[in-house]
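K.L.:
make a model of this:
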Amino acid sequence: MINNTMRVSGLASGMDTDQIIADLMKAERIPMTKMQQDQEWLTWQRDAYREVNSKLSEFKNMFRDLKFSDAYQSKLVTTSAIGVNASATSAAKEGTHSISVSQLASKAMRVSETGISGDGEQIDPNEALAARFSDLSGKTFTFQTYGENGQANPHEITIAEDDSLNDVFKKINEASDGAVRAYYDVNSDKVFMERTASGDFNPDGAEITFGAGDAGSFFTETLKLTGQEYGGEDAKFTYNNVELTSKENSYTLDGVTYQFHQTVDNAVLNVRTNTQKTFDKITEFVEKYNELIEFTSEKTSEKRHRDFPPLTEEQKDDMSENEIELWEEKAKSGLLRSDNIIQSGMTGMRTAFYSNVQNENGAFNRLADLGITTSNNYRDNGKLVIDEDKLRGAIENNSEDVRRLFSNSANDDSRGLINRVEDNLDNMISRITDKAGNENRTEQTYTMGRELLGMEERITDFERRLAQVENRYYKQFTAMETAIQRMNQQSAQLMNQLNGGQ
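P.N.:
Take a look at the predicted model:
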C-alpha cells in the first residue's frame with residue numbers, strides 16, 4: 001500500500017516540509033488538472049450535442065402530421081342550430097345538409113311502483129336480505145334483455161344467504177354483461193333498473209322483462225318493478241328529407257358524425273375543407289424550421305474562448321457565484337463551433353426543401369409554388385418566408401396537390417419534401433447519437449463515451465502516480481530529517497566529550 005512510511009515533518013531541520021511538498025505537488029498536478037479540464041469540456045460538448053438532438057427530435061415530431069392526408073383534407077362542419085352538431089373525417093364530401101330531429105334516443109328504465117321497505121324499518125342496502133326476506137336465499141331468478149335484432153337474451157341470478165341488496169345489484173350487472181344496472185334510492189325507497197344502452201331493441205314490448213311466475217317474483221314482488229317502463233326509444237330524425245332512426249343520439253353518414261342534443265327542425269349543416277387547419281400546420285412547421293436554423297447557426301458560429309478553460313474546484317472556491325457564472329459562460333462558448341455533422345445535416349435539409357418534386361399532372365413542383373421562399377437576408381442563414389395569401393390560395397384551390405408536394409413516400413423524384421427532410425433529419429440524429437449517445441446508451445456504445453472512459457482511466461492512473469510521487473517526497477525528506485537528527489546527536493556527543501575533557 002502507498003503511504004505506509006512514517007512521515008517526519010521538519011523536527012530536525014526546522015523546515016516546513018509539509019508546505020514544501022504541497023508546493024512541489026502543485027507542479028506535479030498541473031498535467032492532471034489539464035486532463036480534468038479536458039474531461040469536463042468533452043462532457044459539456046457531449047451535452048451540447050444531445051441538446052441539438054433534442055431540438056431535432058422536437059422538430060421531427062412536430063411535423064409528423066404533415067405526412068398524412070388528414071392535415072390537408074380535414075373537414076369543418078358548421079351548423080345553424082344548437083340542438084345538433086357534427087364532426088367530419090377527411091373522407092367527408094363538401095356540401096350542405098338539413099336535419100330535423102323529432103325524437104331523441106333514450107335508455108329504458110323500470111322503477112319500483114311503491115317503496116320496497118313496506119311498513120317496517122327502511123331497508124339497509126348493505127345488510128343481508130335474509131334478515132328481512134327469508135324466502136329468497138338459494139333461489140334463482142331470471143330477467144331478459146333484447147339484442148340488436150330483437151332476440152331475447154335471458155339472464156339469471158342466484159341469491160345467497162348473506163347477499164345484500166347491493167350484492168344482488170352487482171350480480172344483475174354481471175349476469176347481463178353490463179347491459180343492465182340497478183340501484184336503490186334511499187330517499188324514495190325505490191329501486192331503479194335500467195338499460196345501459198339507449199334505443200328500442202324490443203319492438204313488441206319492454207326492454208327489460210322478468211321470468212314468469214316464481215322465476216321473476218324477486219323483481220316483481222320484492223323490488224316492486226311492476227309498473228310501466230320508461231324510455232327505451234330510438235332517435236328519429238330526417239336527413240335531407242330521408243327519415244332515419246338511430247339507437248343512439250348520434251349517426252354517421254358519408255364521413256360526418258352527427259350528435260343530437262335536443263329535438264330541432266331544419267338544422268342546416270355545412271361541410272367544407274378546413275383550410276385554416278392546413279394553413280396553421282404548414283406555417284407552424286416553417287416557424288419551427290426557422291427556429292432550428294437559428295439555434296444550429298448560433299451553436300456552430302459561437303466563438304471559442306480558449307483562455308477560459310473549465311474551472312477546477314479549487315478555483316471555484318476563490319470566486320463568487322457571479323464570477324463563476326460569467327467564466328463558465330465563456331468557457332462553454334464554441335462547444336459546437338463549425339461542427340461538420342450539424343452543418344452538413346442542415347445543408348442537406350435546405351437542399352431537400354429547395355429541390356423539385358416530380359409531381360405529374362400536379363400544380364406544384366417546388367416550395368416556391370406555394371409562396372414559401374428563402375429569405376433574401378443572408379444573416380437569416382436560409383430561413384423560409386411565407387406569402388400567406390399565396391399559400392392560403394393554394395390550399396383552398398388545390399389541397400391534394402399541396403399534400404403531394406409535401407408528402408409522398410415514393411423513393412423516386414416524386415418523393416415529398418417532408419419525406420426528404422425526414423431522411424436527412426434521421427441521418428443527422430443517428431450520426432449525433434453515434435457520437436454523443438443519449439440517456440439510454442452506456443458510455444461504451446458511443447464515441448465520446450469511450451473517450452470519456454479513457455480519460456477517466458488516465459486520470460485514475462495519474463492520481464495513483466501522484467500518490468507515489470508524494471510518498472517518495474516524504475521518504476526523501478524523512479531520510480533528510482533522520483540524517484540531520486543523527487548529525488545533531490553526534491555533534492552533541494562530541495561537544496559533551498570535549499566539555500568533559502576540560
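K.L.:
check the offset of the top helix by length along the chain from the chain's centre.
P.N.:
Longest helix in the chain, counting residues (DSSP state H): helix 447-501. Offset of helix 447-501 from its chain centre (CA atoms, centre = their mean, to the nearest Å): 60 Å.
K.L.:
and it, what other elements does it pack with?
P.N.:
helix 17-63, helix 417-436 (3 or more CB pairs under 8 Å, 6 or more residues apart in numbering; DSSP states H and E). Heads up, the C-betas are built off the backbone N, CA and C, glycines and all.
K.L.:
next, the angle from it to helix 17-63.
P.N.:
Here the directions of helix 447-501 and helix 17-63 differ by 170 degrees (axes from the mean of the first three to the mean of the last three CA atoms, to 10 degrees).
K.L.:
now do helix 447-501 against helix 417-436, angle only.
P.N.:
Using the same axes, to 10 degrees: helix 447-501 against helix 417-436 is 20 degrees.
K.L.:
relative to S333, which of the helices and strands packed on helix 447-501 is closest?
P.N.:
helix 17-63 (10.3 Å; CB to CB).
K.L.:
next structured bit after that closest one?
P.N.:
helix 70-73 (DSSP states H and E).
K.L.:
identify the residues contacting that following helix?
P.N.:
For helix 70-73, the external contacting residues (CB atoms under 8 Å, 6 or more residues apart in numbering) are 65, 89-90, 273, 277-278, 281, 395, 399-400, 402-403, 406.
K.L.:
just how off-centre is that helix within its chain?
P.N.:
Distance of helix 70-73 from its chain centroid, counting by CA atoms, centre = their mean, is 23 Å.
K.L.:
and the next element down the chain from that helix?
P.N.:
strand 75-79.
K.L.:
next one: stretch 382-400 to chain centre, how far?
P.N.:
Centroid displacement of stretch 382-400 relative to its chain, using CA atoms, centre = their mean, is 31 Å.
K.L.:
just the CA atoms of it, as PDB, please.
P.N.:
Extracted C-alpha coordinates of stretch 382-400, given in PDB (Å, rounded to 0.1, in the frame of the first residue of the first chain):
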ATOM      1  CA  GLY A 382     -31.600  30.200 -45.200                       C
ATOM      2  CA  LYS A 383     -34.800  30.800 -43.200                       C
ATOM      3  CA  LEU A 384     -38.100  30.400 -45.000                       C
ATOM      4  CA  VAL A 385     -40.500  33.300 -45.700                       C
ATOM      5  CA  ILE A 386     -44.300  32.700 -46.300                       C
ATOM      6  CA  ASP A 387     -46.500  34.600 -48.700                       C
ATOM      7  CA  GLU A 388     -49.700  33.900 -46.700                       C
ATOM      8  CA  ASP A 389     -52.100  34.900 -49.400                       C
ATOM      9  CA  LYS A 390     -50.400  32.600 -52.000                       C
ATOM     10  CA  LEU A 391     -50.200  29.700 -49.500                       C
ATOM     11  CA  ARG A 392     -53.800  30.100 -48.400                       C
ATOM     12  CA  GLY A 393     -55.000  30.200 -52.100                       C
ATOM     13  CA  ALA A 394     -53.000  27.100 -52.900                       C
ATOM     14  CA  ILE A 395     -54.600  25.200 -50.000                       C
ATOM     15  CA  GLU A 396     -58.100  26.400 -50.800                       C
ATOM     16  CA  ASN A 397     -57.900  25.600 -54.600                       C
ATOM     17  CA  ASN A 398     -55.700  22.500 -54.700                       C
ATOM     18  CA  SER A 399     -55.200  20.900 -51.300                       C
ATOM     19  CA  GLU A 400     -54.400  17.500 -52.800                       C
END
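K.L.:
now that stretch: buried residues?
P.N.:
Within stretch 382-400, the residues scored as buried using 16 or more other CB atoms under 10 Å are 382-384, 386, 391-392, 394-395, 398-399.
K.L.:
inside helices: which ones of the residues you listed?
P.N.:
In helices, judged by DSSP H, the following of the buried residues of stretch 382-400 are found: 391-392, 394-395, 398-399.
K.L.:
pipe those residues into CSV and attach distance to K330 and pLDDT per row.
P.N.:
Below are these laid out as CSV (distance: CB to CB, whole Å; pLDDT from 0 to 100):
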residue, distance to K330, pLDDT
L391, 43, 94
R392, 47, 92
A394, 48, 91
I395, 48, 89
N398, 53, 87
S399, 51, 85
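K.L.:
between those residues, which is closest to G178?
P.N.:
When those are ranked by distance to G178 (CB to CB), S399 comes first, at 43.2 Å.
K.L.:
that closest one reaches F279, doesn't it?
P.N.:
No - S399 lies out of contact with F279 (CB atoms under 8 Å); the separation is 10.3 Å.
K.L.:
what residues are up against Q444?
P.N.:
Contacts of Q444 by CB under 8 Å, 6+ apart are 450, 453.
K.L.:
tell me how far it lies from G437.
P.N.:
As judged by CB to CB, to the nearest Å, Q444 and G437 stand 10 Å apart.
K.L.:
over to I159?
P.N.:
Distance from I159 to G437, by CB to CB: 65 Å.
K.L.:
can you give me the end-to-end span of stretch 430-446?
P.N.:
Distance between the two ends of stretch 430-446: 11 Å, counting by CA to CA, to the nearest Å.
K.L.:
mind listing what's buried along it?
P.N.:
By 16+ other CB under 10 Å, the buried positions in stretch 430-446 come out as 431-433, 435-437, 446.
K.L.:
stretch 316-331 too?
P.N.:
Across stretch 316-331, burial judged by 16+ other CB under 10 Å covers 327-328, 331.
K.L.:
list the contacts for V52?
P.N.:
If a contact means CB under 8 Å, 6+ apart, then V52 has 295-296, 299, 336, 342, 432 as its contacts.
K.L.:
let's see the pLDDT reported for it.
P.N.:
We have a pLDDT of 96 for V52.
K.L.:
repeat for K93
P.N.:
Looking at K93, its pLDDT is 87.
K.L.:
how deep is it tucked in, by neighbour count?
P.N.:
Neighbour count of K93, defined by other CB atoms under 10 Å: 10.
K.L.:
V84 versus that one, what's the distance?
P.N.:
K93 sits 19 Å away from V84, taking CB to CB as the criterion.
K.L.:
one more: K288?
P.N.:
Distance, K288 to V84, using CB to CB: 38 Å.
K.L.:
the more surrounded of the two?
P.N.:
The residue with more neighbours, out of K288 and V84, is V84; 23 against 16, by other CB under 10 Å.
K.L.:
nothing else from me, thank you.
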